[in-house]
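Peer 1: Have a look at this fold, sequence not included:
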């Protein structure tokens, strides 16, 4: 047990609906914490795209490092995308152990083929057989129990995209029977979104897939809570907003030679906020008592 895994368990037991934005950098994690989010999430999509590659090309070491850096920068629990466990049951056990040792409070593990393919982003489903998925979750949970019983395992099924939400929920329910704490499925429409929590034997997490091209709905937090979901991952919000805003700023500079989107006064305030988030004053104090003493 660690303080953050215990904190996550307490949040889940509270009945509070939990919102977790995705953060691929410590600064994004600190911004999420600063506005009061109870959890932070590090997803594979943002981790890969932030490094100009696709999620399926990320190694376990890379994703553990990225998530661990964010987790150590915040005081709230962090849940990470562990993909397909980075292998078979034995590999998945190590994946759980490494994320836990990095300070992450929980992971979701999916039923996609490993190694994952880039075509995953075209919504092709390369699902492994149900017994193989159940084995993977079972051994992930055994590793959880050996490493930290409060570490959270979320069983994720991508099969709704091809076979319907009933199949995905059945897979999550089978995973729950071998120890999964929560489930994650991808309902294709509002009707399936309403059905899933009613059929599930464990609390479900909703993924807000902004910009998806397969018609999945974007639902408000209030709607999700009323449907019975326990949490919402906002998978692409931070990355999408950043890409949009940065590109606009660069384009304005190239087109006009100046940037007017943020005033000088606003920039001064933003820089102060950044410096507060990274703890710059505390660094000044150390130097003032050592290398800058008397200056």
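Peer 2: It's in. Quick caveat: nothing in here was measured; it's all calculated off a predicted structure.
Peer 1: how far away is residue 211 from residue 122?
Peer 2: From residue 211 across to residue 122, the span is 14 Å (C-beta to C-beta, to the nearest Å). For every residue, glycine as well, the C-beta is placed using N, CA and C.
Peer 1: go on, residue 110?
Peer 2: 16 Å.
Peer 1: Those two: which has the busier surroundings?
Peer 2: residue 110 (26 against 9; other C-beta atoms under 10 Å).
Peer 1: My guess is that one contacts residue 92. True?
Peer 2: No: counting by C-beta atoms under 8 Å, residue 110 sits too far from residue 92 to count as a contact (10.8 Å).
Peer 1: Okay, domains of this protein per the record?
Peer 2: 3-242, 262-295 (automatic domain parsing).
Peer 1: Same list (those) but as TSV, adding mean pLDDT and distance to residue 256.
Peer 2: Listed next are the domains of the chain as TSV, based on pLDDT from 0 to 100; distance: least, C-beta to C-beta, whole Å:
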stretch	mean pLDDT	distance to residue 256
domain 3-242	97	21
domain 262-295	96	14
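Peer 1: can you map out the strands along the stretch 51-200 of the chain?
Peer 2: 78-81, 106-110, 152-156, 182-184 (DSSP state E, counting those that start in this stretch).
Peer 1: need those strands in a markdown table with distance to residue 257, can you?
Peer 2: Output for these, formatted as a markdown table (distance: least, C-beta to C-beta, whole Å):
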| stretch | distance to residue 257 |
| --- | --- |
| strand 78-81 | 41 |
| strand 106-110 | 46 |
| strand 152-156 | 48 |
| strand 182-184 | 47 |
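Peer 1: Of all those, which one is nearest residue 284?
Peer 2: strand 78-81 (28.2 Å; C-beta to C-beta).
Peer 1: Quick check: neighbours of the closest one in the sheet, parallel or antiparallel?
Peer 2: strand 40-42 (parallel), strand 106-110 (parallel) (DSSP bridges).
Peer 1: Let me know which of the ones you listed is the nearest to residue 3.
Peer 2: strand 106-110 (13.9 Å).
Peer 1: Which positions in that closest one come out as buried?
Peer 2: Neighbour counts over strand 106-110 (16 or more other C-beta atoms under 10 Å) mark 106-110 as buried.
Peer 1: Show residues contacting that strand.
Peer 2: 5, 8, 77, 79-85, 92, 95-96, 99, 136-137, 140, 151-158, 181, 184, 205 (C-beta atoms under 8 Å, 6 or more residues apart in numbering).
Peer 1: hang on, the earlier thing: so which of the strands of the stretch 51-200 of the chain gets nearest residue 18?
Peer 2: Comparing those by C-beta to C-beta, strand 78-81 comes nearest, at 9.4 Å.
Peer 1: Would you map the helices across the chain?
Peer 2: 3-14, 26-34, 44-49, 60-73, 89-101, 130-147, 160-163, 165-177, 190-199, 221-227, 237-256, 264-278, 280-288 (DSSP state H).
Peer 1: Select, out of those, the one closest to residue 114.
Peer 2: helix 89-101 (8.1 Å).
Peer 1: And that closest one, how far out from the chain middle?
Peer 2: Relative to its chain's centre, helix 89-101 lies at 17 Å (C-alpha atoms, centre = their mean, to the nearest Å).
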